[in-house]
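Visitor: The sequence and its predicted three-dimensional model are supplied below.
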Amino acid sequence: MNVHSKIIFFYIWYLCTLPLNGQPGFSKYFDFGISTDFHNIALVEDTVYLIGSTIDSVEERQGLVFAKLDTNGILIDSRVHLDPDGGQYAFNLTLPLVPVSDGGFLITGGILASNEYFALKLDNSGNVQFLKKYQEPTYSQQVIPWKAIELSNGDFLICSTVNLQNFKNDILVKRVSTTGEPLWEKKYGISGISESIGSLFIDENGHIILGCGRSSDVLVDPQSNVTCPRTWIFAIDGDGIVQWSNVSDPCDGGAPRGLAVTDSGDWIYATFNTAVFNLSNWGRAPKFIKKDSQFNFIWERQVAESYWFGNFIIDIAPTPDGNWIGAGNWVLPPPFNTLISDDDIHYSAGCLYKINGDGDSLWLRADTVLLDSRTTQETYVGLVVLPSGSVIAAGSFFETIPGVGSRLRAWVTKVDANGCMFEDCALTSTLVPESAQTEEVSLFPNPTSNFITIDAQKPINHIELTDMNGRILRRWPAGEIPPQIDLSAYPAGTYIVYVRIGNRIYPKRVIVQGSN
C-alpha cells in the first residue's frame, strides 16, 4: 500500500474553542487494479468497510472492490469480484452498501451494455453469499440502483432511478427476499416529469421514507433554460403503498441527501441552490436545509460560495456532540466559471462541513491530494462518524502522469471532531494552490543541499515544514523565523514548506538533494 498523499487545507474555516478529540487523522490512497475509486463507506463496530469499482489488471474489465480498514486507516483485507458471466459491473456515485443484520452487506448496481441490474450479498469477509440479476422493465432504457435498505423481516428494498423510453426518469422500488428473489416491483412518479432518488430510511412508525427530487418547468432565470427542481419526500409501507407525500415549491432544491429526522422531529437534509450567470454558464452551490415536522421552512445554510454543475453534498450524518457533518465535492475559491480551463480543475476538492442544529457553521475543510504527479477532481462520496466524533470520509481522485495518462485512485481521509487531521491545525486561512500563485512568495535555491531562503512581499506569520506523508517536521512562528532555513539534516527527498501570510497559506514544494 503506497501512502504518499498529503492533505492540504484548500479552504478551511475553523472554530477551535474545544480540545482536540479522537484519534490522529490520515490521508491515504489505495490501488486494487488498473484504476480504482471508492463509492461508499460503512462503519460496523470498530471496522470500516468500503466498496468501489476497479478495472481488473488481468481481465481488464470493471468489477467490484470490497475493502476493510481499521479506524487508523490500516488495510485489513480486500477482495475484487468480477461478473461471473463476463460482464462489467457499473455503479453510480453512491453505490449502495447496506450493513445487514446477519453481519454481511448488500450491494446493488448495474451491468454495462446490458438490460440487467443486480443485487450482491457478501459476508463480512467479502465472500459472495448470493448474486441475483434482474431484467430491466420493458418500458425502461436503464435502471440505476441508488439506494437499498433491509426490512425488519430480512427482506430488502432496492430503490432505483429508472430512465424511461420518453427520456424522463421515475422512481423504481423492488422488494426482494432474504436470498434476493423478487417479491414485487412498483414505479412512482408523474408522466412527463423526471424524478430521482437521494435518500432512503425507515422511520419510527415503520414507514419507508424516500427523499427524491422532481423536475419543474420553472426557470432559474429567463436568460437560460435551466429549471428549478423540487424536493419530493414520500412514505410507503412494506407493500409499496404510499402513506403520505410532500412536494416542495420549485427552487427548493433537488433530491435530498442524508435525509433524517432530528430528535425534535424536524427534517434535515442537504441539497443545492442553482444560479445562472449567462446562457452558457450556470452552476449549483450545496446547502443544508431544516424543516419542521410539517415541512415548514426553519433555516437553510449554503456551504459554498462558488457555483458549479458538479458541486454537491453527497451525504450528511449526525455527530455525538449533537451536530451534523456533510461530505461532498465543490469548487473553491469563488467565483468559478463553468467554462473551465485545464488548470481550473485543481480547485475541485473533497469537502467536509460541520454545522450545529441551528444552522451555524462550525468548520469547513476542503481537501486535495499533493503528489509529484498532477491530481484533480478530488471527491468524497460518503462518510462515517466514530464514537469519538472523528470523521472518516471516502472517495477518489484522478492522478495524471505525463506520458502515461490518468487513472482513478481510491482515497480515504480521517479528521477529528474539530476538523483537524494533525495537531495545531487551527489555521483560519485560505490556502493558495501552487497553480494559482504568482510571485507573492518565492523559495530558493530549489533543489537545495542545505539552506533555503524564503522571499515574501509581506511579513510572514508562520512557516511549517512537512514530508510528503503529511508529518509535521518543524514549525517556525512569527519572531522565530531565521533568515535562512537549514534543511541539511533531512534525508534527500521532496518536502512541503507552508508559508502563512495574513490569512493566506502558500504551499511550496522543495527538493532536498542531501548534503554533499
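Guide: That came in fine, so what should we check first?

Visitor: Give the buried residues for stretch 163-172.
Guide: Neighbour counts over stretch 163-172 (16 or more other CB atoms under 10 Å) mark Asn163, Leu164, Lys168, Asn169, Asp170, Ile171, Leu172 as buried. The C-beta positions use only the backbone N, C-alpha and C, and glycine is treated the same way.

Visitor: Quick check: bridge partners of the residue nearest the centre of the chain?
Guide: Residue closest to the average C-alpha location in the chain (CA atoms, centre = their mean): Tyr380, at 1.8 Å. Taking DSSP bridges as the rule, Tyr380 bridges to Gly395.

Visitor: how about it, what does it touch?
Guide: Neighbouring residues of Tyr380 by CB atoms under 8 Å, 6 or more residues apart in numbering: Ile314, Ala327, Gly328, Asn329, Gly350, Cys351, Leu352, Ala393, Ala394, Gly395, Thr413.

Visitor: quick one: it from Arg365, how far?
Guide: 11 Å (CB to CB, to the nearest Å).

Visitor: shared neighbours, these two?
Guide: With contacts defined as CB under 8 Å, 6+ apart, the residues shared by Tyr380 and Arg365 are Cys351, Leu352.

Visitor: which among the buried residues of stretch 163-172 gets closest to Arg504?
Guide: For the buried residues of stretch 163-172, the residue nearest Arg504 by CB to CB is Asn169; the value is 43.7 Å.

Visitor: just checking, what packs against the helix or strand hosting Arg509?
Guide: Arg509 is part of strand 504-512, with elements assigned from DSSP states H and E. With contacts defined as 3 or more CB pairs under 8 Å, 6 or more residues apart in numbering; DSSP states H and E, the packing partners of strand 504-512 are strand 429-431, strand 441-444, strand 493-501.

Visitor: picking up where we left off before, include distance to Ile144 and pLDDT when you put the contacts of Tyr380 into CSV, please.
Guide: Shown next, in CSV, are these (distance: CB to CB, whole Å; pLDDT from 0 to 100):
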residue, distance to Ile144, pLDDT
Ile314, 15, 93
Ala327, 21, 95
Gly328, 19, 92
Asn329, 19, 87
Gly350, 23, 90
Cys351, 24, 90
Leu352, 26, 92
Ala393, 23, 97
Ala394, 20, 96
Gly395, 19, 95
Thr413, 27, 95
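
Visitor: Nearest to Glu464 among those residues?
Guide: The closest of the contacts of Tyr380 to Glu464 turns out to be Thr413 (CB to CB; 18.9 Å).

Visitor: Wasn't that closest one part of a strand?
Guide: Yes. With DSSP: H, G, I helix; E, B strand; the rest coil as the criterion, Thr413 is part of a strand.

Visitor: okay but it is in contact with Met421, surely?
Guide: Yes. Thr413 lies in contact with Met421 (CB atoms under 8 Å); the separation is 7.1 Å.

Visitor: These two - which one has more neighbours?
Guide: Each of Thr413 and Met421 has its neighbours counted (other CB atoms under 10 Å); Thr413 has more, 27 against 20.

Visitor: beta partners of that one?
Guide: According to DSSP bridges, the residues that bridge with Thr413 are Ser27, Ala393.

Visitor: Quick check: phi and psi on Asn166?
Guide: When read as degrees, to the nearest 10, the backbone of Asn166 gives phi -90, psi 10.

Visitor: Find the residue closest to it in space, skipping its chain neighbours.
Guide: In space, and not counting its chain neighbours, Asn166 is closest to Gly192: 7.4 Å by CB to CB, 6 or more residues apart in numbering.

Visitor: quick one: the one you found from Asp170, how far?
Guide: Taken as CB to CB, the span from Gly192 to Asp170 is 11 Å.

Visitor: Could I get the full set of strands for the stretch 1-150 of the chain?
Guide: Counting by DSSP state E, counting those that start in this stretch, the segments of the stretch 1-150 of the chain that form strands are 7-9, 11-14, 26-30, 36-44, 47-55, 62-70, 75-81, 89-90, 97-99, 105-111, 116-122, 128-135, 140-150.

Visitor: neighbours around Arg61, how many?
Guide: Quick note: Arg61 (other CB under 10 Å) scores 15 neighbours.

Visitor: Ignore what I typed, I meant Pro459.
Guide: For Pro459, using other CB under 10 Å, the count is 9.

Visitor: Just say helix, strand or coil for it.
Guide: Assigned state for Pro459: coil (three-state reduction, three-state DSSP).

Visitor: now the angle between strand 493-501 and the strand holding Arg509, please.
Guide: Relative orientation of strand 504-512 versus strand 493-501 (axes from the mean of the first three to the mean of the last three CA atoms, to 10 degrees): 160 degrees.

Visitor: If we go by neighbour counts, what in strand 504-512 is buried?
Guide: Quick answer for strand 504-512 (16+ other CB under 10 Å): Arg504, Ile505, Tyr506, Pro507, Lys508, Val510, Val512.

Visitor: Which of those residues sits closest to Trp244?
Guide: Nearest to Trp244 among these, counting by CB to CB, is Ile505 at 49.7 Å.

Visitor: Quick check, the closest one in contact with Val499.
Guide: Yes. Counting by CB under 8 Å, Val499 is a contact partner of Ile505 at 7.0 Å.

Visitor: Need the CA coordinates for the strand holding Arg509. PDB is fine.
Guide: Output of strand 504-512 as PDB, limited to C-alpha atoms (Å, rounded to 0.1, in the frame of the first residue of the first chain):
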ATOM      1  CA  ARG A 504      -3.300  33.100   3.200                       C
ATOM      2  CA  ILE A 505      -1.100  30.000   3.200                       C
ATOM      3  CA  TYR A 506       1.300  29.300   0.300                       C
ATOM      4  CA  PRO A 507       2.500  25.600  -0.100                       C
ATOM      5  CA  LYS A 508       5.900  25.500  -1.700                       C
ATOM      6  CA  ARG A 509       7.400  22.200  -2.800                       C
ATOM      7  CA  VAL A 510      11.200  21.900  -2.200                       C
ATOM      8  CA  ILE A 511      13.600  19.100  -3.200                       C
ATOM      9  CA  VAL A 512      16.400  18.300  -0.800                       C
END
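
Visitor: Just checking the distance from it to the centre of its chain.
Guide: Put simply, strand 504-512 sits 27 Å off its chain's centre (CA atoms, centre = their mean, to the nearest Å).
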